[in-house]
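> Next come a sequence and a model predicted from it.
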Amino acid sequence: MNDLANMHYEKGRSLWQDAFSRLKNNRLALLSFAVLLLMVLLALLTPWIAPYSYEEQNLNLGASPPSMAHWLGTDVFGRDQLTRILYGSRISLMVGFIATSVALCIGVLWGTIAGYVGGRLDAFMMRFVDILYALPFTIFIILLTVVFGRSLLLLFLAIGAVEWLTMARIVRGQVLSLKHQEFIEAAVAMGFSRWRIMLRHLAPNVIGPIIIYTTLTIPSVILLESFLSFLGLGIQPPQSSWGSLISYGVETMEEYPWLLIFPALSLSLTLFALNFLGDGLRDALDPRVSKD
Amino acid sequence: MALLSVDQLVTRFHTRDGVITAVDNVSFAVEPGQVLGIVGESGSGKSVACYSILGLIPSPPGRVEQGTALFGGQDLLKMTPQQLRRVRGQEIGLIFQDPMTSLNPHMTIGRQLTEPLRVHAHLSNTEAKQRAIAALEEVGIAHATQRFNSFPHEFSGGMRQRVMIAMALINRPKLLIADEPTTALDVTVQAQILQLIKNLQRDHNLSVIFISHDLGVVSEMADHVVVMQKGQVVEEGQPDAVFFRPQHPYTQQLVAALPNTAKPSVADFNAQDPVFLQVNHLCKEYKIRSGGFFKRLLTRVPAVADITFGLRRGEILGLVGESGSGKSTLGRTIVRLVEPDSGQIMLAGRDISAMSGEELRLTRRDFQIIFQDPYASLNPRLTVFDCLAEPLRVHKLVEKNQVLQRVNELMDEVGLDRRMIRKYPHEFSGGQRQRIAIARALAMRPKLIIADEPVSALDVTIQAQILKLLLHLTHKYQMAMLFISHDLAVVRYLSDRVVVMQNGKIVEEGETEALFASPQHPYTKTLLSAIPHLRRVD
Amino acid sequence: MLRIILQRLFTAIPVLFLVILVTFVLIRLAPGGPFDAERAVPAEVLENLNKRYKLNDPLPVQFFDYLSNLLRGDFGPSFKYPSRTVTEIINAGMPVTLELSVYALLVAVIFGIGAGVIAAMRPNTLQDYVPMSLAMLGICLPSFVLGPLLILFFAIGLEWLPVSGWGESPGDKILPAITLGAGYAAYIARLSRGGMLETLAQDYIRTARAKGLAEWRVVFVHALRGGLGPVVSFAGPAVAGLLSGSFVVETIYQIPGLGRFYLQGAFNRDYTMILGMTILFAFFIIVCNLLADIVQVWLNPRLRSLHGGKTA
């Protein structure tokens, strides 16, 4: 009996560990992750670390280039750009995470049910997705903002409602391909309950692609929000979103280029980091690599 | 003067995980008009060697590092890519294992056939078309002129392979390299294709390199044999000598692993024993519907058509058939992975075809299934321990503190090292994974096991071990086993009785030796005569 | 094949109808009428206007009225500019927006597929890294960032191209087309690279090489059809994106297209205008999706058979 406890078992190396070590070797992805972490931290701490308030105007100063008092310059009303960009990051990241969460919940639920149940229900659900996918959603969102006014909540919901489609498709694809894998059939043959199969056998194998596409949905969402704000349909002044800041910047880009460059840089940097991280995750988690 | 003379070929793959020497100092030669057989299991390097000569290995990881390959006096390995392309187009033809994926699905076969003629022989479109149609007729495709405009998916597997052969030979090359050309085909279709290759070889004085893991096939086809293991040539010679008087231990192992004998052990059940599994008039049909919204019914395909048979404890029943025979569907229906349309499945008197819900889940302990693909049948996220412990825990078969002990016992039973239980499936080889799958099926001490082609995906030497294991376990636990396979030799080795299926129906059944010695039904006769044997040329 | 086209058409029509219905209802639900934004209008005048535009009729009646007018090609008068009908405004702006979108699509398709195929031919080398890095740039620089940057550089800095306008000075169509198309070119580049890589790993490509065909032939004659599948699937959403993306580009470059009127209509609650344009856009997108579907079937012969390509 004792030797059971003392027996030396050889350690296994799970697929997650494989993926993690692949990710660790991807320096670009790691750098992106660090950058994102920094951004999130700054965004969270903004109310405490911002040098000014975002609506504080200094009309005497007017638009001024970067200086010691205002690191990123000021706009026409003398408002500190650094502060406004920081607050803008809060909006963008918040929209990013919340809208993505909405998309995630709806998409995963929709895709899992369609994939697992299959048959007519699946056909119907996916036809629905196909039809919606082909519509001019941005235009609809514009319509919604016109009808219901511009609220942050509406923005979150609307954007999330657009993005869940891709997530649903991907989840369904994964569930479908897994459903017919023999280890799922083996679990059925061994008399396991449906719940056990879904939680213990299906779910762990679907999480990979979900993580990847969630990471890639966030930049999509942030882009959409900036797009709307740029057109004047998103966040309203005095609140600043990167999109609206860029919009102001464009108007005066010849005389005050810094009003355009800094918000544009912030937005692009965030998008870069998210996309590189997403790509890195995809390379790390791709199941095909670990087949043999 | 040999047509092709390969000398001291070395090919290495430089991957992220290290350098793999796939071809290690390999030499062989093909005479004009001769068939050279290259035999080996997976990983032997037999295919890589031939692709290396033609410059077809993926070049960033792979590299030919040494050797010469003299073809018609010129060294293929020193040619420019352009010259090599000309050789591939006009002098050496190549056919592959899977005809379904080897033909371009987006192009008509006519266009694919005429391509080598237009590009290399510079024929006009009309001339090329004529030649192509003639080629199709030569390989036995009926209505060649109409089928010229068909797409690959409109052909069956055997016909696609014929098209591949026509395409490879269309510029009248001197050498044909056939890489496992019949492995993916049914045994009867295989026999036809082999005959076709033999005829073409004779008619055009073609040299052939025939690569296969199937010793019987190579024995039938080859004039000269080369045996490869782990990238090296271990033996060569006349087929007679190599297969009947093997010198090298590996060759001996290969030949010994061939299940070409009758069942070695004595039947340990009586004809008077009660029948444990009784299948009565089991039926399952698949309805093929059209695509689109309305999904009209196109045809019904009877996968399992009124099947009746019985099976005793301790008895192994071999279920034989080609693809489309319904054997797999039958196996899956019996374990209720597929719902039967009608009929009974009686297990020790209880009809499991009607059970559902909790009752069914509990009864499943008594019947288990082993699948064909050892890669897909294990959850990649679970350790071996979790995998084996799960059925024990779910069905509360042992006390909590006994689980580890039982798992260890299971590992011992299937011949695996106990210390590996914390490892994951992808860290094991195919044969080991199949052992894990068997251990898992065994965990609940089932009385009936359905084995659905359990050794078809394994190398011959590994296959022999798994077959012995299955024999041992059925004897030890007096299990009833339904052994499904398309490989008649394996079925003969393992089974007490055999059932032959065709198009969903049982066409013949009987005691194994009796059936093999004198088959009654014409289909059984065709099936048996199509098996490639190790031929002795006296 | 004709059956497939008819089938797709069958589903497209109800979708268009649904779009019209939903848009119509949404707009009518909006709090505030089209005339509220103006300076306070006297009650009788308001009453007259409502009557004239039939705003007091029950909703279903208004809807059927609208539909019947629509079928005659009449989108109704603009609420904001009563002297002009929506149809007139559309006729003025549509050619511009269409032209812009077509140029942008060409930019996207040519550069996108080109870059993707080139990258896939030699993966993990410079030939792969350079186009894909540029593609990453295209994805992360949205049109409203790229546009101003391009203007700053080429128009203001180098003075090679004009700052704004459409059809007024030579070369003023170049920057807008690039700005709108760049993001899609980037995405298409990645899609086609992925599609091509996957196709090039297929067995039938090995067969093509075994036949001694030159590499360009293997890539363009054999692999391209399979590799472009994902790109064609993206065509529908791409056109949707281009049309809505044109709003931004028209704003930046001050192009007199539909986008500008749409935005104004949105701000002013010009019902007929927004309704009309939304329907128009939806119509274009549905047509493009239909075309993309047809191309998809043409590309993949297996889809042509009625039983959805299931092999025997």
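Thanks, I have the structure now. Predicted model only: the values in this text are computed from it and were never measured. Numbers count the residues shown, from 1 in each chain, chains lettered A, B, ... in the order given.
> Residue 15: neighbouring residues, count only.
Here I'm looking at chain A. Counted with other Cβ atoms under 10 Å in any protein chain shown, the neighbours of residue A:15 add up to 19. For glycine as for every other residue, the C-beta is placed from the backbone atoms N, C-alpha and C.
> ah, I was thinking of chain B
Neighbours of residue B:15 (other Cβ under 10 Å): 11.
> tell me the contacts of it?
residue B:61 (Cβ atoms under 8 Å, 6 or more residues apart in numbering or on different chains).
> mind checking pLDDT for it?
At residue B:15, the pLDDT value in this model is 84.
> who's it bridged to?
residue B:18 (DSSP bridges).
> Near chain A, which residues of the stretch 351-500 of chain B are found?
Residues of the stretch 351-500 of chain B lying near chain A by Cβ under 8 Å from any Cβ of the partner chain: B:360-365, B:368-369, B:371-373, B:375-381, B:383-384, B:390-391, B:394-395, B:404-405, B:408, B:418-424, B:426-427, B:437, B:440, B:444.
> ok, residue A:187 to chain C distance?
27 Å (Cβ to the nearest Cβ, to the nearest Å).
> Quick check: buried residues in the strand or helix carrying that residue?
Here residue A:187 sits within helix A:182-189, counting by DSSP states H and E. Within helix A:182-189, the residues that count as buried by 16 or more other Cβ atoms under 10 Å in any protein chain shown are A:182, A:183, A:184, A:185, A:186, A:187, A:188, A:189.
> From the rest of the structure, what touches that helix?
Here helix A:182-189 has contacts from A:178, A:196-197, A:201-202, B:335, B:337, B:364, B:368-369, B:371-373, B:376-380, B:437, B:440, using Cβ under 8 Å, 6+ apart.
> follow-up on the earlier one: between the buried residues of helix A:182-189, which is nearest residue B:210?
Nearest to residue B:210 among the buried residues of helix A:182-189 is residue A:182, at 32.3 Å by Cβ to Cβ.
> Do you know the pLDDT at the closest one?
At residue A:182, pLDDT is 91.
> What of residue A:234?
Looking at residue A:234, its pLDDT stands at 72.
> What distance do you get for the most centrally placed residue in chain A to residue C:267?
The C-alpha lying nearest the average C-alpha coordinate of chain A belongs to residue A:218 (Cα atoms, centre = their mean; 1.6 Å). The gap separating residue A:218 from residue C:267 is 29 Å, by Cβ to Cβ, to the nearest Å.
> show me where pLDDT drops low in chain A?
Applying pLDDT under 70 to chain A flags the ranges A:1-7, A:54, A:134, A:146-147, A:149-150, A:235-238, A:287-292.
> Spell out which parts of it neighbour chain B.
Residues of chain A lying near chain B by Cβ under 8 Å from any Cβ: A:4, A:7-15, A:181-183, A:185-193, A:196, A:200-201, A:204-205, A:287, A:290-292.
> Apply the buried test to the residues you listed and list what passes.
A:12, A:14-15, A:181-183, A:185-192, A:200-201, A:205.
> the longest helix in the chain is where?
As the question left the chain open, I've gone with chain A. In terms of residue count, the longest helix belonging to chain A (DSSP state H) is helix A:81-117.
> right idea, wrong chain: chain C
Max-length helix for chain C by DSSP H is helix C:86-121.
> and it, anywhere near chain B?
No. Shown here: helix C:86-121 not in contact with chain B (Cβ under 8 Å from any Cβ), separated by at least 12.6 Å.
> Next SSE downstream of that helix?
That would be, after helix C:86-121 and using DSSP H and E, helix C:126-140.
> If I take that following helix and helix C:86-121, what angle do their directions form?
Per axes from the mean of the first three to the mean of the last three Cα atoms, to 10 degrees, the angle that helix C:126-140 makes with helix C:86-121 is 150 degrees.
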